[in-house]
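Asker: need a 3D model of the sequence below.
(one chain, ligands or ions: 1)
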Amino acid sequence: MKRRDFVKTAAAGAAAGTVPALATPSRADATDPAMRPAQPAQPAAPAVHARATRPVLVADLSSIRFRNGGPESAIERAFRGITEGEDILDACVAGVNIPELDPEEHGIGYGGLPNADGVVQLDSCLMHGPRKWAGGVAGLEGVKTPSLVAKAVAELTDHHLIVGKGAQEFARALGVEIHDDLNTEATRAYWLEWRRRVDPGHWLDPEERLRRRGPAGEDADLSPAARMRRFHDAALAAGLSMVDDGLIDADSFWGTTSLEVVSPDGDICGVTTTSGLPWKIPGRAGDSPILGAGQYVDNDVGAAGSTGRGEANLYNLSCFMIVEFMRQGMSPMDAGMAVLERVRDNTVEARLQNSRGLPGFDLRFFILNKSGEYAGVAMYGSAESAFAVCDENGAREEPLVGLLEGSPRD
Ligand code: GLY
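Answerer: Sure thing, here's the model as predicted:
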């Protein structure tokens, strides 16, 4: 769907009603439970209070399409939690744990696509609007649900980001199960195919490789920098060729789960989780663990989360900008479009552009404000592109509104 075709405006309203009191654990109480998928608060004596807004939740498609064999998708689980009085962050994390644990979802968590070495490295960050908590992890290995570790960073420490080995040790110290390998049979097969495309002789022993390439090896005259550049370009091209050939769907390749919510009390929260760019250079962190880039929440204003090429959000601090534009009075739709225009204008390097001189990648934003108005926008809109919404009318997919026509690969 293109912007000009977009006629739907999300009806913001204040439906008066009764909801159970929010059960928000204090920081001091938050010890072990931080590491367990949260349960809805037990219904205590129902408290009656006026709703500040309509509760609504926006997210990417994995939040509605993956259930890990269970009865609920991420947005259904999270929406149930916030309307039953569970802490808003606990509800969101319990939601994204569903696709994180689903081995069929190849963009996040267990079964996410691995890095160039074949190792799954996960990123996540989250923000709790009313408590102004934030936490993130990057390059985390061996933990199926990085969002739970990000939550523990927010709840248990004054740090906002823990990376790599330190993040794994932090999780281990909290009793989180550390797995040797988060690959599945499918992701291992995808990785082997990628290796074959990047370097058809990768399986040969070094002497045989040298013999086939000639005594000096075909890269012998390249500097380390030139060799790195060549590998990087070849790695990305091989990955994208697997999308073009229909081996991996684009949603998995660029896959990330990001879920933003405004509660019946007008409180706001967001969680983002990903395995990042497939076949990335080991240690590469994208936008998803970085506050302001792949996720941002301001409880007075709204929230934005993102999927797509993380480097574009790192450069433009896109989610922070969207929330700031909303603070200045823009609607979620206009704020998202303004940032997409900024990303487009800042994409000046030819290697990042398609043949039309436009961004050669997609970027999607899921945005809501404190009133419950929302938007799903993308650099490129198409008939198939959609985002997930959940509100009092249930969970559904709605079309994304694209800034540009056509495809990033045109
Ligand atoms: N947006 C996810 C990433 O680039 O890692």
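Asker: strands along the stretch 251-400 of the chain, start to end?
Answerer: Using DSSP state E, counting those that start in this stretch, the strands found in the stretch 251-400 of the chain span residues 257-262, 268-274, 295-298, 302-308, 363-369, 374-380, 386-391, 394-399.
Asker: which one of those strands lies nearest to the ligand?
Answerer: strand 268-274 (4.6 Å; Cβ to the nearest ligand atom). Heads up, the C-betas are built off the backbone N, CA and C, glycines and all.
Asker: quick check: neighbours of that closest one in the sheet, parallel or antiparallel?
Answerer: strand 122-128 (antiparallel), strand 257-262 (antiparallel) (DSSP bridges).
Asker: before we move on, back to that, okay if I get the strands of the stretch 251-400 of the chain as JSON lines plus distance to the ligand?
Answerer: Listed next are those as JSON lines, based on distance: least, Cβ to the nearest ligand atom, whole Å:
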{"stretch": "strand 257-262", "distance to the ligand": "9"}
{"stretch": "strand 268-274", "distance to the ligand": "5"}
{"stretch": "strand 295-298", "distance to the ligand": "10"}
{"stretch": "strand 302-308", "distance to the ligand": "6"}
{"stretch": "strand 363-369", "distance to the ligand": "8"}
{"stretch": "strand 374-380", "distance to the ligand": "13"}
{"stretch": "strand 386-391", "distance to the ligand": "15"}
{"stretch": "strand 394-399", "distance to the ligand": "20"}
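Asker: save these as TSV, and put in mean neighbour count too.
Answerer: Formatted as TSV, the strands of the stretch 251-400 of the chain follow (neighbours: other Cβ atoms under 10 Å):
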stretch	mean neighbour count
strand 257-262	31
strand 268-274	32
strand 295-298	28
strand 302-308	30
strand 363-369	29
strand 374-380	26
strand 386-391	24
strand 394-399	15
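Asker: hmm, back to that, between the strands paired with strand 268-274, which one is closest to residue 233.
Answerer: Taking Cβ to Cβ, strand 122-128 is the member of those nearest to residue 233, at 23.0 Å.
Asker: what is the orientation angle of that closest one with strand 302-308?
Answerer: 170 degrees (axes from the mean of the first three to the mean of the last three Cα atoms, to 10 degrees).
Asker: what's the average pLDDT for strand 122-128?
Answerer: Here strand 122-128 scores 98 as its mean pLDDT.
Asker: circling back to that earlier point, please identify which of the strands paired with strand 268-274 is closest to residue 392.
Answerer: Once the strands paired with strand 268-274 are compared by Cβ to Cβ, strand 257-262 is nearest, at 12.5 Å.
Asker: please export the C-alpha coordinates of the closest one as PDB.
Answerer: Extracted C-alpha coordinates of strand 257-262, given in PDB (Å, rounded to 0.1, in the frame of the first residue of the first chain):
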ATOM      1  CA  THR A 257      10.400  -9.100  16.200                       C
ATOM      2  CA  SER A 258       9.400  -5.700  17.500                       C
ATOM      3  CA  LEU A 259       6.300  -5.100  19.600                       C
ATOM      4  CA  GLU A 260       5.000  -1.800  20.900                       C
ATOM      5  CA  VAL A 261       2.100  -1.400  23.300                       C
ATOM      6  CA  VAL A 262       0.000   1.200  25.000                       C
END
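Asker: for it, the distance to its chain's centre please.
Answerer: Computed by Cα atoms, centre = their mean, to the nearest Å, the chain-centroid distance of strand 257-262 equals 9 Å.
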